[in-house]
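Asks: Fold the following, please.
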Amino acid sequence: MRCAAITKAGERCQGTATGGAGYCFAHDPARASERKRNARRGGSAGGNGRPGTPGVGDVAQVRQEIRGVIGGVLKGTIHRSTGGVLFQGFNTLLRGFETERKIREQDELEDRIAELERIAGPEKGGRTWGA
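Replies: Sure, this is the predicted structure:
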């Protein structure tokens, strides 16, 4: 079931309604304090503060939306084929989160190695990363 909210552009939200309120996570009035708390954490709950990086809150939101779609398919309010397409989108989104996480981890490791090499210095047998 689609979210019942109307966007600033005057169109109906394309999000999947979760719970009994008929709103997606982004528009559910009952979740306003949770959204505000997540926003204070840099836009993604549990993220590293970099814009656009997914955090625990992003994954939790997708998990909640997936549960909403499952419930909608089981109740018959979402057609099976629509649910299948939504799940393809969820899978793509989750793979993207995983890819971003791996890139962040690699960047952090490279930074740590560079710092260790800087501390060791060339006179102590340290080599320059990538040289």
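Asks: which residues sit in contact with residue 24?
Replies: For residue 24, the contacting residues are 3, 5, 13, 15-18, 65, by C-beta atoms under 8 Å, 6 or more residues apart in numbering. All C-beta spots, glycine's among them, are computed from the backbone N, C-alpha and C.
Asks: Tell me where this structure has helices.
Replies: Ranges of helices in the chain, per DSSP state H, are 32-40, 56-75, 80-120.
Asks: Make JSON lines out of those and add mean pLDDT and mean neighbour count.
Replies: Shown next, in JSON lines, are the helices of the chain (pLDDT from 0 to 100; neighbours: other C-beta atoms under 10 Å):
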{"stretch": "helix 32-40", "mean pLDDT": "69", "mean neighbour count": "13"}
{"stretch": "helix 56-75", "mean pLDDT": "88", "mean neighbour count": "17"}
{"stretch": "helix 80-120", "mean pLDDT": "90", "mean neighbour count": "12"}
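Asks: Please tabulate these in CSV, including the columns distance to residue 9.
Replies: Formatted as CSV, the helices of the chain follow (distance: least, C-beta to C-beta, whole Å):
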stretch, distance to residue 9
helix 32-40, 20
helix 56-75, 21
helix 80-120, 21
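Asks: Tell me which of those lies nearest to residue 25.
Replies: Nearest to residue 25, of all the helices of the chain, is helix 56-75, at 4.8 Å by C-beta to C-beta.
Asks: out of the helices of the chain, nearest to residue 22?
Replies: In terms of C-beta to C-beta, the element of these nearest to residue 22 is helix 56-75, at 10.6 Å.
Asks: Can I get the closest one as CSV, trimmed to CA atoms?
Replies: The C-alpha trace of helix 56-75 is given here as CSV (Å, rounded to 0.1, in the frame of the first residue of the first chain):
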residue,chain,number,x,y,z
VAL,A,56,21.8,1.4,11.0
GLY,A,57,18.7,3.6,10.7
ASP,A,58,18.7,3.4,6.9
VAL,A,59,18.8,-0.4,7.0
ALA,A,60,16.2,-0.5,9.7
GLN,A,61,13.9,1.6,7.6
VAL,A,62,14.3,-0.7,4.6
ARG,A,63,13.7,-3.7,6.8
GLN,A,64,10.5,-2.1,8.1
GLU,A,65,9.4,-1.3,4.5
ILE,A,66,10.1,-4.9,3.5
ARG,A,67,8.0,-6.2,6.3
GLY,A,68,5.2,-3.8,5.2
VAL,A,69,5.4,-5.2,1.7
ILE,A,70,5.3,-8.8,3.0
GLY,A,71,2.3,-8.0,5.0
GLY,A,72,0.6,-6.2,2.1
VAL,A,73,1.2,-9.2,-0.2
LEU,A,74,-0.1,-11.6,2.5
LYS,A,75,-3.2,-9.5,3.0
